[in-house]
Structures are given as C-alpha cells and as structure tokens.
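Engineer: coordinates only, no sequence provided:
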Ligand SMILES: N[C@@H](CCC(=O)N[C@@H](CS)C(=O)NCC(=O)O)C(=O)O
C-alpha cells in the first residue's frame with residue numbers, strides 16, 4: 001500500500017528535503033508533478049497550501065504544504081526528531097535556516113536576478129555565515145563524536161535537511177564545494193555520509209543521472225549559473 005504522494009517539480013531544490021527523508025525511511029511513495037496540484041487545485045485540497053512541495057498522506061487522506069511543516073510531520077511519524085527540548089527545537093530551527101538559505105540563494109524566490117556584485121556580496125558574506133552557523137551547531141552538539149550527526153549521536157530530520165541543502169548545493173554548483181569545505185568542513189563530511197546511506201545513494205544516483213546538475217530551475221537558476229560559472 002502506498003504511504004505518500006509527493007508533488008514537486010523534477011528538480012531537487014525544495015523537493016529533495018522531502019524525498020531524501022522518504023528514501024531514508026524507505027516509505028512507499030509516488031512522485032507526481034507539482035502541476036497536478038499547483039496552481040489550480042492549491043485552494044481545493046484538504047489543508048490548502050500556496051506552493052509545492054505538497055505531501056499527500058494516504059493513511060490520513062490529508063495534504064500538507066510548507067517544506068518545514070512536512071519534514072517535522074515526517075520526523076514525528078518516523079521518530080527522526082531529537083528527544084530533548086533544546087535539540088528538538090534546534091531541529092525545527094535547522095529546517096527553517098535551510099529554507100531561509102533557499103530563499104536567499106534564489107534572491108527571494110527569483111524576484112530579482114543576480115548580478116556579479118550582488119552575488120559576490122552574498123557568496124562572500126551571508127553564505128559563509130550560514131555555513132558557519134550549521135558547522136557551529138554541529139560542533140556544539142552531535143559532532144562532539146567523530147561519527148556524530150548534527151544534533152546528536154543518531155540521525156535526525158536535521159541531518160536530512162542539512163544534506164538536502166548543502167549536498168544538493170555543492171552537487172549542482174561544484175564551484176561552491178570549496179566554500180563549504182572552508183567554512184563548514186564537518187558539514188561537508190556529514191553531507192557525504194548522509195548521501196551515501198544506501199537508499200539515499202540509490203535515489204540520488206538515479207536523480208542525478210536523469211536530471212544532471214539542475215537546481216531550482218527557471219530564470220533564477222540561469223542567473224545563478226551565469227554569476228557562479230564566470
Ligand atoms: N515556504 C514554502 C515555499 C514554497 C515555494 O516557494 N515553492 C516554490 C517551488 S520550490 C513554488 O512552487 N513557487 C511558486 C509560487 O510560490 O507560486 C515552503 O517552504 O514550502
């Protein structure tokens with residue numbers, strides 16, 4: 001029996017946050033194109049949401065929108081949330097940080113295209129600060145042990161989100177690999193470890209073979225490529 005249907009574009013960007021999780025827990029799910037809901041049906045579904053990703057949960061016949069809400073829901077369902085109050089809150093904070101980085105790297109969801117000056121300002125100021133925030137969080141919590149995860153000794157939803165953010169970013173834009181290595185070396189390693197978990201690895205290999213290095217799509221990806229690949 002099917003557990004979930006995920007509605008997203010054929011791009012990793014926000015969809016991989018959900019898809020890496022579903023792969024990790026080996027949920028039975030189908031991937032559908034975002035246009036099956038967005039925009040015509042967005043207001044008609046149970047628990048309407050403005051934009052993809054949408055997750056349909058078969059057992060409750062319910063839709064969820066907003067990537068952080070979906071991940072928190074799945075984290076609770078599959079016991080991928082830290083138990084202590086501090087780290088539980090940090091798991092949500094980490095997912096929200098990820099979503100903020102997605103907004104910033106797409107210049108507010110593509111509202112303005114990048115130019116070399118604005119991109120360099122972001123790349124050499126805000127982006128390294130974001131990377132350092134993740135690194136410091138890990139060092140203060142799970143990275144105290146060599147094989148630790150971001151918030152503790154076991155994998156949590158925060159590791160899936162961090163990998164969906166930075167693993168995807170450096171795969172789509174290899175030019176940013178050194179930036180991550182320099183500012184957040186433990187995060188770079190964490191992404192590699194999470195990406196090599198067997199079901200995640202199989203999924204990423206398939207996705208990358210089919211979609212190459214595509215990131216967020218649209219004019220904003222073109223604009224990003226223009227400034228990064230210069
Ligand atoms: N805050 C929402 C943002 C959703 C969002 O911006 N989705 C993009 C694709 S990644 C989209 O479909 N945008 C079209 C729109 O906003 O109308 C989330 O985290 O899920």
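Structural biologist: On my side now, so go ahead. Just so it is clear, the structure is predicted and the values come from calculations on it, not from any experiment.

Engineer: outline the domain layout of the protein.
Structural biologist: 4-77, 85-228 (automatic domain parsing).

Engineer: mean confidence score for stretch 123-136?
Structural biologist: For stretch 123-136, mean pLDDT rounds to 98.

Engineer: how close does residue 30 sit to residue 5?
Structural biologist: Using C-beta to C-beta, to the nearest Å, residue 30 is found at 5 Å from residue 5. Where C-beta positions appear, they are placed from N, C-alpha and C, glycine not excepted.

Engineer: these two: who's more crowded?
Structural biologist: Shown here are residue 30 and residue 5; by other C-beta atoms under 10 Å, residue 5 has more neighbours (17 against 12).

Engineer: now do the strands in the chain.
Structural biologist: Assignment of strands within the chain using DSSP state E yields the ranges 4-7, 29-32, 54-57, 62-65.

Engineer: dump the ones you listed to a markdown table, plus mean pLDDT and distance to the ligand.
Structural biologist: Below are those laid out as a markdown table (pLDDT from 0 to 100; distance: least, C-beta to the nearest ligand atom, whole Å):
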| stretch | mean pLDDT | distance to the ligand |
| --- | --- | --- |
| strand 4-7 | 98 | 10 |
| strand 29-32 | 98 | 14 |
| strand 54-57 | 98 | 9 |
| strand 62-65 | 98 | 6 |
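
Engineer: which one, of these, ends up nearest to residue 47?
Structural biologist: Smallest distance to residue 47 across the strands of the chain (C-beta to C-beta): 5.0 Å, for strand 62-65.

Engineer: burial count for residue 226?
Structural biologist: The burial count for residue 226: 14, using other C-beta under 10 Å.

Engineer: residue contacts, it?
Structural biologist: residue 114 (C-beta atoms under 8 Å, 6 or more residues apart in numbering).

Engineer: ok, it to residue 177 distance?
Structural biologist: For residue 226 relative to residue 177 (C-beta to C-beta), the value is 19 Å.

Engineer: what parts of this protein come near the ligand?
Structural biologist: 13, 14, 38, 50, 51, 52, 53, 66, 67, 99, 109 (C-beta under 6 Å from any ligand atom).

Engineer: residues contacting the fifth one?
Structural biologist: Contacts were defined as C-beta under 8 Å, 6+ apart; by that measure residue 51 touches 38, 42, 65.

Engineer: got a markdown table for those, with distance to residue 59 and neighbour count too?
Structural biologist: A markdown table is the format used below for these (distance: C-beta to C-beta, whole Å; neighbours: other C-beta atoms under 10 Å):
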| residue | distance to residue 59 | neighbour count |
| --- | --- | --- |
| 38 | 23 | 19 |
| 42 | 22 | 17 |
| 65 | 18 | 20 |
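
Engineer: for residue 196, state which of those is nearest.
Structural biologist: residue 65 (30.4 Å).

Engineer: what's the burial count for the residue nearest to residue 130 when sequence neighbours are not counted?
Structural biologist: Distance criterion C-beta to C-beta, 6 or more residues apart in numbering; nearest residue to residue 130, sequence neighbours excluded, is residue 101 at 5.2 Å. If you count neighbours by other C-beta under 10 Å, residue 101 ends up with 19.

Engineer: repeat for residue 175
Structural biologist: The local packing of residue 175 (other C-beta under 10 Å) involves 13 other residues.

Engineer: now residue 119. Nearest residue, chain neighbours left out?
Structural biologist: Taking C-beta to C-beta, 6+ apart, and ignoring the residues beside it in sequence, residue 119 has residue 227 as its nearest neighbour in space, at 3.9 Å.
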